[in-house]
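A.B. asks: structural data only, the sequence is not supplied:
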């Protein structure tokens, strides 16, 4: 019973740390919205903060941090394909040879 109590306290500490981190990052998001920047820089900053927050949620609250390597690499491969598919239309727009 004692081991279960210690394990619960350990998980509770981790969850509270992640929760506080998410609240701080939410404050950073609000603060960043008031910074006068260009649109591109603002979007980049917002995406970086959102990526950090989503990785905290997925890693700790969805328990993906303890999953096997294959799930991690599947997620990385999915992200790579997503980025590739986002840039395909961009390449056609930026093509110097217009047909």
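C.D. replies: That came through fine. Keep in mind that this is a model prediction, so the values were computed, not measured.

A.B. asks: any stretches of this protein with poor pLDDT?
C.D. replies: 1-3, 98-99 (pLDDT under 70).

A.B. asks: name the element residue 10 belongs to?
C.D. replies: Under DSSP states H and E, the secondary-structure element containing residue 10 is helix 2-33.

A.B. asks: same for that helix, what does it pack against?
C.D. replies: In this structure, helix 2-33 makes packing contacts with helix 39-56, judged by 3 or more C-beta pairs under 8 Å, 6 or more residues apart in numbering; DSSP states H and E. C-beta here means a position set from N, CA and C on the backbone, and glycine is covered the same way.

A.B. asks: check which element follows the helix it packs on along the chain.
C.D. replies: Once helix 39-56 ends, the next helix or strand along the chain (criterion: DSSP H and E) is helix 69-93.

A.B. asks: picking up where we left off before, tell me the buried residues in the helix holding residue 10?
C.D. replies: Of all the residues in helix 2-33, those buried under the rule 16 or more other C-beta atoms under 10 Å are residue 22.

A.B. asks: report the inter-axis angle for that helix versus helix 39-56.
C.D. replies: 170 degrees (axes from the mean of the first three to the mean of the last three C-alpha atoms, to 10 degrees).

A.B. asks: now helix 2-33, how far from the chain's geometric center?
C.D. replies: Centre-to-centre, helix 2-33 and its host chain are 15 Å apart (C-alpha atoms, centre = their mean, to the nearest Å).

A.B. asks: next, name the residue at the spatial heart of the protein.
C.D. replies: Central residue of the chain (C-alpha atoms, centre = their mean): residue 51, 2.3 Å from the mean position.
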